[in-house]
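Asker: With the input below, show me the fold.
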Amino acid sequence: MNIYVLLKRTFDTEEKISIIGGQIQEDGAEFIINPYDEYAVEEAIQIRDDHGGEVTVVTVGSNEAEKQLRTALAMGADKAVLINTEDDLEEGDQFTTAKILSEYLKDKEPDLILAGNVAIDGGSGQIGPRVADMLGIPYVTTITNIEIDGSTVSITRDVEGDSEMIQTSLPLLVTCQQGLNEPRYPSLPGIMKAKKKPLDELELDDLDLEEDDVEAKTKTLDLFLPPDKAAGRILEGDLSNQVQELVSLLRSEAKVI
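Answerer: Residues are numbered from 1 along each chain as shown. Below you'll find the predicted structure:
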């Protein structure tokens, strides 16, 4: 099978993030593979091991994303591709990324494309469906199980706490949800092998794309951290007084009644 994984380099949200002037400060920040994309990489490797073929991980970004691509190779992916836009684009959005990825994939004849359900930095969940739409292939989001029999694919997807069963066919794009698998850690032999695996770097010119072709459709006006949460309050006194105080607080401070 010809399997592709769409991968994104994201901030490690477990680390402290600083925002100055509406921009995230990258100096000293930690970057990782988007956690939902790790499920996609793991599932791609398992499917390849069961059905044969190869796994290619693809990302759009800067030279710094090579580290995350090498991590995916160390996990077990076969090849990696970095579409470097650092010198070509000042700004981009979900349309920009999806357009670039679809142009790269359109002549690759993928059987299966896997992506994370969402990116933890933006959370839009748009890239996978946009790429599938541009390629003209079906897609299924938030999958928690996938079984392939020839060209027939049976999928279980999460629908806000419940499950939905879907049967479709290849070629196909899916976005991966927590619970699909348990991503492996790169082993030492895997890390050593990753250094010798192919990692190709492309630019927009290689895809016959101009900056105008991938111009962002949206604009970010501001970026800020959520306000600090106030400490909880314990109501004291007998139950009737607590109820009266709670109602008063809900009306005067929370303004929900």
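Asker: quick one: Pro227 is in a helix?
Answerer: No - secondary structure of Pro227 (DSSP: H, G, I helix; E, B strand; the rest coil): coil, not part of a helix.
Asker: what's it sitting at in phi/psi?
Answerer: phi -70, psi 150 (degrees, to the nearest 10).
Asker: go on, Glu109?
Answerer: Torsion angles, degrees, to the nearest 10, at Glu109: phi 50, psi 60.
Asker: pretty sure it contacts Asn2?
Answerer: Yes - contact status for Glu109 versus Asn2: in contact at 6.1 Å, counting by C-beta atoms under 8 Å. The way it works is simple: take the backbone N, C-alpha and C, and place the C-beta from them, glycine included.
Asker: With neighbour numbers in mind, choose between the two.
Answerer: Applying other C-beta atoms under 10 Å to Glu109 and Asn2 shows that Asn2 carries more neighbours, namely 16 against 8.
Asker: and Gly190, helix, strand or coil?
Answerer: Here Gly190 is recorded as helix under three-state DSSP.
Asker: for stretch 55-68, what is the average pLDDT?
Answerer: Mean per-residue pLDDT for stretch 55-68: 95.
Asker: what sits up against it?
Answerer: For stretch 55-68, the external contacting residues (C-beta atoms under 8 Å, 6 or more residues apart in numbering) are 3-9, 31-33, 41, 44-45, 48, 69, 72-73, 76-86, 97, 100-101, 104-105, 199.
Asker: Provide a ChimeraX selection command restricted to the buried entries of those.
Answerer: Only the buried members of the contacts of stretch 55-68 enter the following ChimeraX selection, criterion being 16 or more other C-beta atoms under 10 Å:
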select :3,4,5,6,7,8,9,32,33,41,44,45,48,69,72,73,76,77,78,79,80,81,82,83,84,85,97,100,101,104,105,199
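Asker: I'd like to know which of the contacts of stretch 55-68 are part of helices.
Answerer: Val41, Ala44, Ile45, Arg48, Leu69, Ala72, Leu73, Thr97, Ile100, Leu101, Tyr104, Leu105 (DSSP state H).
Asker: need the contact list for the second one.
Answerer: To tie it back to what came earlier, the one meant is Ala44. So Ala44 contacts Ile3, Tyr4, Val5, Val55, Ala77, Leu112, Leu114 (C-beta under 8 Å, 6+ apart).
Asker: Sketch out the low-pLDDT regions of the stretch 1-150 of the chain for me.
Answerer: 22 (pLDDT under 70).
Asker: all strands for it, in order.
Answerer: 2-6, 9-11, 19-20, 23-24, 31-33, 54-61, 79-84, 112-116, 139-149 (DSSP state E, counting those that start in this stretch).
Asker: which stretch among those comes nearest Glu215?
Answerer: Nearest to Glu215, of all those, is strand 54-61, at 14.7 Å by C-beta to C-beta.
Asker: buried stuff in the closest one?
Answerer: Val55, Thr56, Val57, Val58, Thr59, Val60, Gly61.
Asker: partners of it, with directions?
Answerer: Counting by DSSP bridges, the strands paired with strand 54-61 are strand 2-6 (parallel), strand 79-84 (parallel).
Asker: Could I have the CA atoms of the longest one written out in CSV?
Answerer: Okay, so that is strand 79-84. Coordinates of each C-alpha in strand 79-84 appear next as CSV, following Å, rounded to 0.1, in the frame of the first residue of the first chain:
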residue,chain,number,x,y,z
LYS,A,79,10.5,8.1,3.9
ALA,A,80,9.9,11.8,4.8
VAL,A,81,9.3,14.9,2.8
LEU,A,82,9.7,18.5,4.0
ILE,A,83,8.0,21.1,1.9
ASN,A,84,10.0,24.1,3.0
